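**Q** No letters, just coordinates:
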């Protein structure tokens, strides 16, 4: 893990959801140092050279993966949160 949740979110449950490996997540620099095992992307949004015109890495994350991550937290409110995620995803379409 390159970065953690920080002091504010340190005690909050959470799960990372990603599609790995993803072709454009190929940058290996963190804090001006090469981290050979890192696969990340820090490209800014936009159409200019070197920028990301479309966040395909985010679009590739399927809704069932997000729901599974929520449910893996194992609390009684998982279904309520999963339903909220589904509703938000449907509204975004």
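**A** Perfect, I can see it now. Because the structure is a prediction, the values reported are computed rather than measured.
**Q** Contacts for the helix ranked longest in the chain, please.
**A** Looking across the chain with DSSP state H, the single longest helix is helix 78-92. For helix 78-92, contacts defined as C-beta atoms under 8 Å, 6 or more residues apart in numbering pick out 63, 66-67, 70-71. Every residue, glycine included, has its C-beta placed from N, CA and C.
**Q** What is the nearest of the residues you listed to residue 15?
**A** The shortest approach to residue 15 among the contacts of helix 78-92 belongs to residue 70, at 7.6 Å (C-beta to C-beta).
**Q** Tell me the spacing between residue 61 and residue 34.
**A** Separation of residue 61 from residue 34 (C-beta to C-beta, to the nearest Å): 27 Å.
**Q** Counting neighbours, go ahead and name the busier of these two.
**A** The neighbour count for residue 61 versus residue 34, taken as other C-beta atoms under 10 Å, is higher for residue 61 (15 against 9).
**Q** Let's see the distance spanning stretch 47-67 from one end to the other.
**A** 32 Å (C-alpha to C-alpha, to the nearest Å).
**Q** Quick one: distance of stretch 37-54 to the chain centre.
**A** 14 Å (C-alpha atoms, centre = their mean, to the nearest Å).
**Q** Start and end of it, how far apart?
**A** Across stretch 37-54, the terminal residues are separated by 25 Å (C-alpha to C-alpha).
**Q** go on, stretch 28-41?
**A** 8 Å.
**Q** cool, stretch 38-48 as well?
**A** Criterion C-alpha to C-alpha; first-to-last residue distance in stretch 38-48 is 25 Å.
**Q** ok, residues contacting that stretch?
**A** Contacts of stretch 38-48 (C-beta under 8 Å, 6+ apart): 2, 20-22, 24-30, 50-53, 55, 57.
**Q** Which of those residues fall in strands?
**A** By the criterion of DSSP state E, membership of the contacts of stretch 38-48 in strands covers 29-30.
**Q** Return a PyMOL selection command for the buried portion of the contacts of stretch 38-48.
**A** To isolate the buried members of these in PyMOL, using 16 or more other C-beta atoms under 10 Å:
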select buried, resi 25+52+57
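**Q** Sounds good, over and out.
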